[in-house]
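> Sequence plus the predicted model coming up.
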Amino acid sequence: MGDLVWLRRDLRRSDLPTLAEAAPSGPVTVVFVIDPVLWDTSKGTARRRWLAANLLTLRDTYEGRLTLRQGDPRREIPRLAREAGATHVHISAETEPEGAARDRAVDEALGDVPLVRTGSPYAVMPGRVRKPDGTPYLVFTPFSKAWRAHGWRGPAVDPDDLELDKDRSDEGLWKLVTQTAEGDIPELPPVGEEGAHARWEQFVDRGLSRYSSERDRPDLPSTSGMSPYLKLGVVHPRTLLHDLVHGNGADVDRYVTELAWREFYADVLHHHPTSVWEDLRPELARMAYDDGPDLVEAWRQGRTGVPLVDAGMRQLLSTGWMHNRVRMVTASFLIKHLHTRWQVGAQHFLDYLIDADLASNQHGWQWVAGTGTDAAPYFRVFNPVLQGEKFDPDASYIRHWVPELSGLATNQAHRPWTVPADARNGYPDPVVDLDAERHEALDRHQAARA
DNA sequence: TTTTGAGTTGTTCGA
DNA sequence: GTCGAACAACTCAAA
C-alpha cells in the first residue's frame, strides 16, 4: 500500500510538492508514462532524445526506483494503481487543453482512487490571475503586474520520510529509452537537475548582469538556456524566481518578465483552449494565404537564400533550439514573406524544438501573425536583413550556421546576393523578393480587414 | 462614468 | 546620416 506519483511535466526530485503529498501514505511509486504521442518517430529526433536522456538521469535521481509505462495513460495509470495498491494518484495539474482532458479521463478511469492535483508547472496556476472584475487578461503588461502582485510560494521542501517503492516498469522499456537517448546531438544541453542547476548558476554568475542588453543577440551566449528544462519540468520556475529574490535591477526584472510571458500565455490558453490551433481573434479570417510546399520546405531546411532565416532554421534542425530573436524573424518571414498560415510554422517548431512549450509556441506564432493577444500591428513586418545587421552585427551567427558564407565580409554575409554566385559556395538566391512580398503582405492584410 | 493614453520584440519615407 | 511621423484597432488602467 502506498501512493502513486505520476510525473509528466515535472521530471525532477527537488521542489516537487506531489512527493511531499504522497510520502505519508507509505512507499511511493513514481511513474512516467510514455504516451505514443510523445514518441512519434517521424519527426525530429532531438526532442525525443532530450526526453529519453532526462528520463535516464531521473532514474538515477530516484535511486533506480522509477517506473516506466508505455501506452494510453487512461489505461496504464489505473492498471499501475491497482498493482501498487495505491490509495491516491498524485499529479501536478496540467492546464494545456489535451492534457487537462486526458487527466479528467484518467480521473474517471481511476474510479474510487482519487487523482490529487498539487501545484502546476507554473509559479501561479493559470486562471488565478484576474482583472478586478474577475475576467482574464488579454494584454501582457497589466497581466504581468497583477501576476507579480499575486506572488508565488517558495520552493517545496523535500520530504525527509520519503520511501520509494520498486521499479514496476514494463519489460524492455528502459532499453528502448536507453537506445533512444544514444546518438550524437551536438550541443544537447547537460541533462537532468544537476545539468540544469549548473547552467543556471553559470547564468546567474556571468550572464544575468548583461541580460537586458544582450538577450536579443543570437551570436552571444546571452540567454539562460532554461527553456529545455522548464519544458520537461526538470526545473520549476518557482525555483528560479526564488533565486532571483535577492537580485535586483533591470536585468533581474527583465528575466522575471520573460518567465511572466510563459505564465501569461499559459493563462491565455487556459481561458481560450481552442486557440491552440485556431486564431484567437477572428478578424483575419478572410486573410488570403498561399499553399506553397516548395517554399515552405526551403524554409524548413534553411535554404531560403535569406541568411538570418536560414541560420535560425538550421540551428533548429541540428540542435533542437533556436534563439528567441531568430524565432521571431523566421516566423515573420514564413507568415509575411511566404504568406503561409502560422499553424504550419507552429507545427514545425513543435516537432523540432526541445523546449517547445505549447502555449508559448502557439501564442508566439499568433502574435507574429497578428491573430493573437496584444498582437503585433499588421504593418510590423520584420526585415530579416536589418534584423541581422542589428542583432548579429559581425554576422558571426550567420557564418556559424551558414558556412557557405563564412568567407564573406560582414556586409556581404548579410546580403549574399550582392556577390557573384560562384563566391557563395552554392548558397542560393533569395526564394522571394523581400520588398515585393512585404508589400504583398500589407495589401492582403488591408483586403482582409476591408 | 467617461476619457485618455500606453501597450515586448518594426520599417519606411520624407524632411 | 538622423529623426519624427505614419502605419489600426482594441484592451485596460488610471485620471
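Right, received. Where do you want to start?

> OK, contacts around the closest residue to A:R168 other than its chain neighbours?
In space, and not counting its chain neighbours, A:R168 is closest to A:T67: 4.5 Å by C-beta to C-beta, 6 or more residues apart in numbering. For glycine as for every other residue, the C-beta is placed from the backbone atoms N, C-alpha and C. Each residue near A:T67 by C-beta atoms under 8 Å, 6 or more residues apart in numbering is listed here: A:T29, A:V30, A:V31, A:F32, A:L80, A:D167, A:R168, A:S169.

> likewise A:P293?
Per C-beta under 8 Å, 6+ apart, neighbours of A:P293: none.

> Show the backbone phi and psi for it.
Dihedral angles of A:P293 (phi, psi; degrees, to the nearest 10) stand at phi -60, psi -30.

> ok, back up a step: just the buried ones out of the contacts of A:T67, please.
By neighbour count, with 16 or more other C-beta atoms under 10 Å, the contacts of A:T67 hold A:T29, A:V30, A:V31, A:F32, A:L80, A:D167, A:R168, A:S169 as buried.

> Pull up the residues of the stretch 101-250 of chain A that are close to DNA strand C.
With C-beta under 7 Å from any atom of the strand as the criterion, the stretch 101-250 of chain A comes near DNA strand C at residues A:K131, A:P132, A:T135, A:P136, A:Y137, A:L138, A:V139, A:P142, A:K145, A:A146.

> how about JSON lines for these, with secondary structure added?
Converted to JSON lines, those look like this (DSSP: H, G, I helix; E, B strand; the rest coil):
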{"residue": "A:K131", "secondary structure": "coil"}
{"residue": "A:P132", "secondary structure": "coil"}
{"residue": "A:T135", "secondary structure": "coil"}
{"residue": "A:P136", "secondary structure": "coil"}
{"residue": "A:Y137", "secondary structure": "coil"}
{"residue": "A:L138", "secondary structure": "coil"}
{"residue": "A:V139", "secondary structure": "coil"}
{"residue": "A:P142", "secondary structure": "helix"}
{"residue": "A:K145", "secondary structure": "helix"}
{"residue": "A:A146", "secondary structure": "helix"}
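
> Can you tell me which of these is nearest A:G44?
A:G44 has its nearest neighbour among those in A:L138, at 32.3 Å by C-beta to C-beta.

> For that closest one, give me its contacts.
A:V268, A:T373, A:D374.

> is it true that the last one lies in a helix?
Spelled out, it's A:D374. No: counting by three-state DSSP, A:D374 is located in no helix; its state is coil.

> Quick check: it touching A:F143?
No: using C-beta atoms under 8 Å, A:D374 is not in contact with A:F143; the gap is 9.3 Å.

> what's the first-to-last distance across stretch A:155-167?
Stretch A:155-167 has an end-to-end distance of 27 Å (C-alpha to C-alpha, to the nearest Å).

> in that stretch, what counts as buried?
Residues A:P155, A:A156, A:P159, A:L162, A:L164, A:D165, A:D167 are the ones in stretch A:155-167 that count as buried (16+ other C-beta under 10 Å).

> Tell me which two of the residues of the stretch 101-250 of chain A next to DNA strand C sit farthest apart.
Longest span within those, C-beta to C-beta: A:T135 and A:K145, 15.8 Å.

> who's more crowded, the two?
A:K145 (13 against 9; other C-beta atoms under 10 Å).

> hang on, the earlier thing: now, which of the contacts of A:T67 sits nearest A:Q343?
A:F32 (29.3 Å).

> List the ones among the buried ones among the contacts of A:T67 that fall in strands.
A:T29, A:V30, A:V31, A:F32 (DSSP state E).

> Just send these back as JSON lines, with pLDDT too.
Shown next, in JSON lines, are those (pLDDT from 0 to 100):
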{"residue": "A:T29", "pLDDT": "98"}
{"residue": "A:V30", "pLDDT": "98"}
{"residue": "A:V31", "pLDDT": "98"}
{"residue": "A:F32", "pLDDT": "98"}
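
> Quick one: classify the residue nearest to A:R168 as helix, strand or coil.
Following three-state DSSP, the label given to A:T67 is strand.

> A:R8 versus A:S92, what's the distance?
In this view, A:S92 and A:R8 are 7 Å apart by C-beta to C-beta, to the nearest Å.

> Could you dump the buried ones among the contacts of A:T67 into JSON lines and include distance to A:E297?
Below are these laid out as JSON lines (distance: C-beta to C-beta, whole Å):
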{"residue": "A:T29", "distance to A:E297": "46"}
{"residue": "A:V30", "distance to A:E297": "42"}
{"residue": "A:V31", "distance to A:E297": "40"}
{"residue": "A:F32", "distance to A:E297": "35"}
{"residue": "A:L80", "distance to A:E297": "43"}
{"residue": "A:D167", "distance to A:E297": "44"}
{"residue": "A:R168", "distance to A:E297": "44"}
{"residue": "A:S169", "distance to A:E297": "40"}
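
> Return the member of those nearest to DNA strand C.
Set against DNA strand C, the nearest of the buried ones among the contacts of A:T67 by C-beta to the nearest atom of the strand is A:F32 (36.7 Å).

> And for the residue nearest to the closest one when sequence neighbours are not counted, the neighbour number?
Distances taken as C-beta to C-beta, 6+ apart place A:L7 nearest to A:F32, at 5.0 Å, with adjacent residues excluded. Counted with other C-beta under 10 Å, residues neighbouring A:L7 total 25.

> repeat for A:D205
9.

> what secondary structure does it sit in?
Per three-state DSSP, A:D205 ends up helix.

> Tell me who's in contact with A:L269.
Counting by C-beta under 8 Å, 6+ apart, A:L269 touches A:T95, A:E96, A:P97, A:P126, A:S275, A:V276, A:L358, A:A359, A:Q362, A:H363.

> Can you read off the pLDDT for it?
If you check A:L269, the pLDDT there is 95.

> Could you tell me the phi and psi values at it?
The phi/psi pair for A:L269 (degrees, to the nearest 10) is phi -70, psi -40.

> any idea how far it lies from A:G154?
26 Å.

> Likewise for A:L66?
Distance of A:L66 to A:G154, given as C-beta to C-beta: 26 Å.

> again, but for A:R102
Taken as C-beta to C-beta, the span from A:R102 to A:G154 is 30 Å.

> what about these two, which has more around it?
Per other C-beta under 10 Å, whichever of A:R102 and A:G154 has more neighbours is A:R102, with 19 against 11.

> Might you report the residue contacts of that one?
Shown in contact with A:R102 (C-beta under 8 Å, 6+ apart): A:P73, A:R74, A:E94.

> Next SSE downstream of the helix or strand hosting the second one?
In this structure, A:R74 is located in helix A:73-84 according to DSSP states H and E. Proceeding N to C from helix A:73-84, the next assigned helix or strand is strand A:89-91, under DSSP H and E.
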